[in-house]
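*Asks:* sharing a sequence plus its predicted fold:
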Amino acid sequence: MVQFFKVKKPAVPAKTPLDIRILELNGHGMGVARHQGKPLFVAGVLPGEEVRVILTTQTSRYATATLQKVLKASPDRVKPFCNHVADCGGCNLQQLPLAAQRALKQTAVSKLFARHGIDVLPEPEWLDGEGQGYRRVARLAIRRRGKGVALGFRQPQSHELVEIERCGVLTTVLSSLVGPLRQLLNRLRALRQLGHLELYDAAEGVALLLRHTGNLPAADLDALLAFAQERNLALFLQDDHARRPLHVPFPLYYRMDKLRLSFTPGDFIQVNGALNERMVHQAIDWLAPKPGQSVLDLFCGIGNFCLPLAAAGHPVVGVEGVMEMVEQARGNAEDNQLSQARFYRADLAADFTIEPWAQEGFDRVLIDPGRAGAEQVMPYLAELAPERLLYVSCNPATLARDSEVLLAAGYRLARLGLIDMFPHTPHCEAMALFELS
């Protein structure tokens with residue numbers, strides 16, 4: 001007889017209060033305690049605090065709990081600026097001062113490198129900025145609730161949604177749109193077809209991208225258009241097949257120094273505009289190309305690093321895997337009259353050293369991959385053997401992994417920068433300069 005087995009779900013303990021002492025914070029900003037010989041993870045706490053919690057899950061390896069009350073607070077504790085901090089999956093370090101947040105992130109990055117046998121790091125150089133009002137891009141989830149919809153952010157590790165009226169880390173103009181947008185969405189008929197929406201605070205105004213399925217009724221399109229016209233918003237719709245503009249009263253771009261970098265909603269742009277500009281300046285300073293020296297920029301996007309390098313007088317070759325981004329970058333170079341910037345599409349996971357542009361030879365290379373890093377790219381980069389290679393990373397875990405290849409190829413890690421692009425979150429970005437020994 002065939003036997004069937006069901007996967008055993010983690011046990012949900014009885015909701016009995018438990019008093020514990022927090023030992024430390026892990027790299028995700030979660031408090032760590034010990035309970036019954038296992039690590040117990042709690043959000044919203046600080047090291048040294050004595051707290052009352054309710055156990056939520058228990059497995060053979062760990063347990064989780066929710067905070068009920070702080071019995072003895074850490075002297076470092078500050079009051080969160082957001083009422084949703086306990087529920088929202090976003091800024092979960094608000095109870096910790098910014099300087100302490102950065103110390104936590106620095107320790108986490110050091111541990112990531114140590115896992116790959118890299119125990120000695122250059123003293124990290126920080127780029128940091130304002131703790132509120134810094135996000136110029138937002139993605140808001142839409143969920144059906146009763147006969148209408150809710151608008152907000154997801155809870156941690158959940159598809160459940162936390163409704164918000166405002167958000168303290170968004171720019172003022174984006175935050176002020178949340179309430180009116182909820183009212184608008186609840187007037188639409190095709191509630192089941194709504195996906196999520198994205199907001200972009202561009203140089204001349206705000207752009208809104210609404211993702212949906214199927215065809216929206218004419219009445220819904222009229223309501224969306226009227227909302228955009230009334231508030232002077234650029235409005236784009238995207239279904240399963242295409243993205244189309246509905247109302248674009250101004251060009252979409254962001255400024256960097258005297259440059260205009262145009263983009264289309266859905267393109268990747270850095271959400272923290274002020275820190276992005278400082279990051280680009282630091283990248284050029286660290287690469288330090290000689291006058292007229294060519295620079296290769298892999299994963300170049302719409303030209304965030306390429307165009308400032310070209311504006312500084314350096315010939316630049318930018319390479320990207322998505323043709324739409326290549327075309328956007330070419331258009332940006334043309335709009336800014338930067339003929340010394342050239343752009344190509346290539347599969348960077350394949351051997352790109354055979355490409356004509358790669359055979360030009362580069363002593364300065366910049367790479368800015370996505371969260372997955374550049375593991376497949378590293379052997380080909382080592383083959384190019386640039387004198388200086390700058391790796392800009394949105395995920396220090398993959399940067400640490402990829403660093404092993406470069407160190408084994410004879411490079412040394414000369415400088416390490418940490419970028420607090422997302423204050424009040426555990427997320428940290430990094431910049432590493434490698435020099436050929």
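*Replies:* Perfect, I can see it now. Numbering: from 1, shown residues only.

*Asks:* can you give me the helices for the chain?
*Replies:* Assigned by DSSP state H, the helices in the chain fall at 98-114, 172-175, 178-185, 218-231, 273-287, 306-311, 323-335, 378-384, 396-408.

*Asks:* next one: the third one to chain centre, how far?
*Replies:* So that's helix 178-185. Distance of helix 178-185 from its chain centroid, counting by C-alpha atoms, centre = their mean, to the nearest Å, is 25 Å.

*Asks:* tell me the angle of it relative to helix 218-231?
*Replies:* Helix 178-185 and helix 218-231 are oriented at 150 degrees to each other (axes from the mean of the first three to the mean of the last three C-alpha atoms, to 10 degrees).

*Asks:* coming back round to it: pipe the helices of the chain into CSV and attach mean neighbour count per row.
*Replies:* Bear in mind the C-beta positions are built from the backbone N, C-alpha and C, glycine included. Output for those, formatted as CSV (neighbours: other C-beta atoms under 10 Å):
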stretch, mean neighbour count
helix 98-114, 18
helix 172-175, 17
helix 178-185, 17
helix 218-231, 15
helix 273-287, 18
helix 306-311, 25
helix 323-335, 18
helix 378-384, 17
helix 396-408, 20
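
*Asks:* how about these, which one is nearest residue 350?
*Replies:* The closest of the helices of the chain to residue 350 is helix 378-384. By C-beta to C-beta, the value is 8.6 Å.

*Asks:* CA atoms only for the closest one - export them in PDB, please.
*Replies:* Extracted C-alpha coordinates of helix 378-384, given in PDB (Å, rounded to 0.1, in the frame of the first residue of the first chain):
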ATOM      1  CA  MET A 378      34.400  37.400 -13.200                       C
ATOM      2  CA  PRO A 379      36.600  34.900 -15.100                       C
ATOM      3  CA  TYR A 380      36.300  37.100 -18.300                       C
ATOM      4  CA  LEU A 381      37.100  40.200 -16.300                       C
ATOM      5  CA  ALA A 382      40.200  38.600 -14.900                       C
ATOM      6  CA  GLU A 383      41.100  37.800 -18.500                       C
ATOM      7  CA  LEU A 384      40.800  41.400 -19.600                       C
END
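
*Asks:* with respect to residue 154, which of the helices of the chain lies nearest?
*Replies:* Closest of the helices of the chain to residue 154 is helix 178-185, at 14.8 Å (criterion: C-beta to C-beta).

*Asks:* tell me which residues are up against the closest one.
*Replies:* Helix 178-185 has contacts (C-beta atoms under 8 Å, 6 or more residues apart in numbering) with 140, 142, 148-152, 163-167, 191, 194, 197, 208, 223-224, 227, 231.

*Asks:* from residue 177, how far off is residue 394?
*Replies:* 26 Å (C-beta to C-beta, to the nearest Å).

*Asks:* next one: residue 248
*Replies:* Residue 248 is 17 Å from residue 177, by C-beta to C-beta.

*Asks:* and the two? Which one has more around it.
*Replies:* Remark: of residue 248 and residue 177, residue 177 carries more neighbours, 23 against 15, as counted by other C-beta atoms under 10 Å.

*Asks:* wait, isn't the more buried one in contact with residue 206?
*Replies:* Yes. With contact defined as C-beta atoms under 8 Å, residue 177 reaches residue 206; the gap is 6.9 Å.

*Asks:* joint contacts of the two?
*Replies:* 199, 231.

*Asks:* just for the stretch 151-300 of the chain, where's the confidence low?
*Replies:* Low-confidence segments of the stretch 151-300 of the chain, defined by pLDDT under 70: 157.

*Asks:* quick one: the strands in it, in order.
*Replies:* Using DSSP state E, counting those that start in this stretch, the strands of the stretch 151-300 of the chain run over 161-163, 194-201, 206-212, 234-238, 243-247, 253-256, 259-262, 295-298.

*Asks:* hey, which of these is tucked in deepest?
*Replies:* Using mean count of other C-beta atoms under 10 Å, the stretch among the strands of the stretch 151-300 of the chain with the largest mean neighbour count is strand 295-298, at a mean of 26.

*Asks:* tell me which strands that one pairs with, and in which orientation.
*Replies:* Strand 295-298 sits in its sheet next to strand 316-320 (parallel), strand 364-367 (parallel), going by DSSP bridges.

*Asks:* so who does residue 315 touch?
*Replies:* Counting by C-beta under 8 Å, 6+ apart, the residues that residue 315 touches are 292, 293, 294, 295, 340, 341, 342.

*Asks:* spit out the contact partners of the closest residue in space to residue 238 that isn't next to it in sequence.
*Replies:* Using C-beta to C-beta, 6 or more residues apart in numbering and skipping residues adjacent in sequence, the residue nearest residue 238 is residue 211, 4.9 Å away. By C-beta under 8 Å, 6+ apart, residue 211 lies in contact with 195, 196, 197, 198, 238, 239.

*Asks:* farthest pair in these?
*Replies:* Maximum distance among those (C-beta to C-beta): 14.3 Å, for 198 and 239.

*Asks:* okay, domains of this structure per the record?
*Replies:* 17-77, 107-130+271-436, 137-247 (automatic domain parsing).

*Asks:* number of residues surrounding residue 129?
*Replies:* Quick note: residue 129 (other C-beta under 10 Å) scores 15 neighbours.

*Asks:* the residue nearest to residue 160 when sequence neighbours are not counted and residue 172, how far apart?
*Replies:* Leaving out its chain neighbours, the residue that sits closest to residue 160 by C-beta to C-beta, 6+ apart is residue 154, at 6.9 Å. For residue 154, the distance to residue 172 (C-beta to C-beta) stands at 23 Å.
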